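A.B. asks: Here is a sequence with its predicted model. Questions after.
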Amino acid sequence: MTIKVLIVDDQMMVREGFSVLLGAQPDIEVVGEAVDGREAVAQVRALRPDVVLMDIRMPGMNGIDATREIVASDDSSKVLVLTTFDLDEYVYQALRAGASGFLLKDASARQLAEGVRVVASGEALLAPSVTRRLINEFARVVPVQRAGASAPAGQVEELTDRETEVLVLIAQGLSNQEIADRLVVAESTIKTHVSRILVKLGLRDRTQAAVYAYETRLVTPG
């Protein structure tokens, strides 16, 4: 299936550059562009893209507020945040708002395309090592009380002991295969556990699950 992408950035050269790079991929189609968050929200409603490449700092409605609106109103479009800084507090806020991952603006064409594919499939943030470093850093610098979004409706008490164990390992940045190896079970079993965790906690993907685990202090940095 072709992955439909919407590019959101207030800089024309950035939009055009990403459009050219992604347009060269056989399985990715750029279906539209937007110059700010408000236009992005409108374009998502009209175009129903699979992935939204979202800049954070834009005039008018910023990427964080746009992400929150898109996630709240659309069940299918996933947001991949674009940022200049890999340890930007705004990225953490975007993840809490519902973004499924982040990507640096200086990413290579291969990294850009792979990032879009990974987020479209609902898998890890990008690489497990990136997930581990990013979530740990943000858990240190952004206290729970500063978070602006409400907590997910689900409660960790609803999870079984094995599901809780899997959630902890997700938050530590392990892939499904790595978790399967750790628990000595089949990878398909872990995928089932992950799906049940997301349903019980009302989360969109494993990135949100990792954020949830840190914010509820089920897992602590370090």
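C.D. replies: Ah, there it is.

A.B. asks: Show me the shaky parts of this protein.
C.D. replies: 74-75, 85-89, 123-154, 221-222 (pLDDT under 70).

A.B. asks: quick one, helices of it?
C.D. replies: Remark: helices assigned in the chain by DSSP state H are 12-23, 37-47, 63-73, 89-97, 109-121, 128-141, 161-171, 176-183, 187-201, 206-215.

A.B. asks: Would you mind giving those as a markdown table with mean neighbour count and distance to M54 added?
C.D. replies: For glycine as for every other residue, the C-beta is placed from the backbone atoms N, C-alpha and C. Shown next, in a markdown table, are the helices of the chain (neighbours: other CB atoms under 10 Å; distance: least, CB to CB, whole Å):
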| stretch | mean neighbour count | distance to M54 |
| --- | --- | --- |
| helix 12-23 | 15 | 11 |
| helix 37-47 | 19 | 7 |
| helix 63-73 | 22 | 5 |
| helix 89-97 | 22 | 7 |
| helix 109-121 | 19 | 11 |
| helix 128-141 | 17 | 16 |
| helix 161-171 | 19 | 23 |
| helix 176-183 | 16 | 26 |
| helix 187-201 | 17 | 21 |
| helix 206-215 | 23 | 14 |
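
A.B. asks: Out of those, the one nearest V31 is which?
C.D. replies: Across those, V31 has its closest neighbour in helix 37-47 (5.0 Å, CB to CB).

A.B. asks: What is that closest one packed up against?
C.D. replies: Contact here means 3 or more CB pairs under 8 Å, 6 or more residues apart in numbering; DSSP states H and E; on that basis helix 37-47 packs against strand 3-8, strand 28-34, strand 51-55, helix 63-73.

A.B. asks: circling back to that earlier point, arrange the helices of the chain in a markdown table, one row each, with distance to V5 as further columns.
C.D. replies: Listed next are these as a markdown table, based on distance: least, CB to CB, whole Å:
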| stretch | distance to V5 |
| --- | --- |
| helix 12-23 | 6 |
| helix 37-47 | 10 |
| helix 63-73 | 14 |
| helix 89-97 | 17 |
| helix 109-121 | 6 |
| helix 128-141 | 20 |
| helix 161-171 | 26 |
| helix 176-183 | 25 |
| helix 187-201 | 23 |
| helix 206-215 | 18 |
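
A.B. asks: who's in contact with the closest residue in space to G98 that isn't next to it in sequence?
C.D. replies: Of all residues not flanking G98 in the chain, V71 sits nearest, at 3.0 Å (CB to CB, 6 or more residues apart in numbering). Residues counted as contacts of V71 (CB atoms under 8 Å, 6 or more residues apart in numbering) are V79, A97, G98, A99, R204.
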